[in-house]
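Engineer: how would this look folded up:
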Amino acid sequence: MGKIKNSILLGIVFYLTSCADNSIVKQHVVDFSGREIWPKDSVISVDFKPETNIDYDLAFLIRNSNAYPFSNIFLIASIENTKHKVVDTLEYEMANEKGEWLGTGFGDIKESKLIYKKNYRFPDSLPYTITLQQAVRRTGNVKGEEKLKGIVSVGIVIEKSKTK
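Structural biologist: Sure thing, here's the model as predicted:
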């Protein structure tokens, strides 16, 4: 019986590793699941040294629960090193017009992969820092959400582009 269990376990591990996405170069995820709150001053960052002859896809992973009170999310993203700096204010839809979450997953937790840059080629091969922070504001509130509720985790993903 033990050999059968080991064989099944080995088969599952082999299957999962063979299905892994080899295009991911770097991924960094910050878990807020204990609180489900993304503080305004919490900046997610990842350091990366690109190859200049490769195109990359940059994306953000947002896992939210049903406690997330908005249908969209505003983010401030930057890509910078000692020579270059790009800063973008971004808006992504998180729910459709019926209020249904657009992400994938079961239960009340949904994961959204939000594309930031597609087929992006870094200008040089110096190390870069990619940062992400939330910039959600309620209508009429200039300060923004100090504690963005319903956020389980946030990540930055860098992948080799699959398309040209």
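Engineer: Val152: how many residues sit nearby?
Structural biologist: 22 (other C-beta atoms under 10 Å). To be clear about C-beta, it is placed using only N, CA and C from the backbone, and glycine gets the same treatment.
Engineer: residue boundaries of the helices in the protein?
Structural biologist: 2-18 (DSSP state H).
Engineer: shaky segments in it?
Structural biologist: 1-22, 164 (pLDDT under 70).
Engineer: Any idea what Val46 is bridged to?
Structural biologist: Beta bridges link Val46 to Ile130 when assigned by DSSP bridges.
Engineer: give the contact list for it.
Structural biologist: By C-beta atoms under 8 Å, 6 or more residues apart in numbering, the contact set of Val46 is 26-28, 129-130, 156, 158.
Engineer: ok, so of these, who is nearest Asp88?
Structural biologist: The nearest member of those to Asp88, counting by C-beta to C-beta, is Ile130 at 11.1 Å.
Engineer: biggest separation within the contacts of Val46, which pair?
Structural biologist: Gln27 and Thr129 (15.2 Å).
Engineer: Spatially nearest residue to Arg138, not counting backbone neighbours?
Structural biologist: Glu145 (7.1 Å; C-beta to C-beta, 6 or more residues apart in numbering).
Engineer: got a list of what the one you found touches?
Structural biologist: 40, 134, 136-138.
Engineer: same thing with Ile73?
Structural biologist: 62, 91-92, 94, 134, 136.
Engineer: Identify the bridge partners of it.
Structural biologist: Tyr92.
Engineer: Over to Val29?
Structural biologist: Gly155.
Engineer: That one and Met94, how far apart?
Structural biologist: 18 Å (C-beta to C-beta, to the nearest Å).
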